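1. Here is a sequence with its predicted model. Questions after.
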Amino acid sequence: MRAVLDANVFVSALLSRSGSPGQILARWIAGEYELVVSPRLLNELERTLSSPKIRNRLMPEEAKQFAGLLREEAILVDDPELVPPRAPDPGDDYLLALAEAERAVLVSGDQHLLGLADEFPILAPATFLRTLETGG
């Protein structure tokens, strides 16, 4: 199984390793699914991790190491060239295009994206974790 994790899932995983996002990340490290990232997703994550709100809760060195881990160990693909407008937030369209191009499920805690789950393979972190637990 392939998955694209929204930046909010990565951040949640780093801030609370016992929650669903943290367990999802641990399962990727254990080799239970393939994690797909792109330069745009990694840039969004790095911007988020460097925000004052997150810097107060996460050491800058930890954030840098995590971004490096993703660059080295995840499947790094080019950003999709065609990004049709489909999400309520235009900034999320690239995530849909990335997941679609890579035949991956998109995992997000963003309610705007989850509202598109009838049209696209989008799962909340807890639902994706259950899918992994059942061998889905």
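-> Happy to help now that I have it. From a predicted model like this one, the values you see are computed outputs, not experimental measurements.
2. tell me which helix or strand of the protein sits lowest on mean pLDDT?
-> When the helices and strands of the chain are compared on mean pLDDT, DSSP states H and E, helix 52-55 comes out lowest with a mean of 88.
3. Could you report the distance from the residue of the chain most remote from its centre to Leu15?
-> Distance from the C-alpha centroid of the chain peaks at Asn56, with 21.6 Å (CA atoms, centre = their mean). Note on Asn56: its distance to Leu15, by CB to CB, to the nearest Å, is 11 Å. All C-beta atoms are positioned from the backbone trio N, CA, C, and that covers glycine.
4. Gln65 now?
-> 15 Å.
5. Rounded mean pLDDT for stretch 59-69, please.
-> Summarised as a single mean, pLDDT over stretch 59-69 is 91.
6. Spatially, and excluding backbone neighbours, which residue is closest to Ala67.
-> The spatial neighbour of Ala67 that comes closest, neighbours along the chain excluded (CB to CB, 6 or more residues apart in numbering), is Glu46 at 5.4 Å.
7. Does anything pack onto the particular helix or strand that has the one you found in it? Which helices or strands?
-> Applying DSSP states H and E as the criterion places Glu46 in helix 39-49. The helices and strands touching helix 39-49, judged by 3 or more CB pairs under 8 Å, 6 or more residues apart in numbering; DSSP states H and E, are helix 7-15, helix 60-73, helix 93-101.
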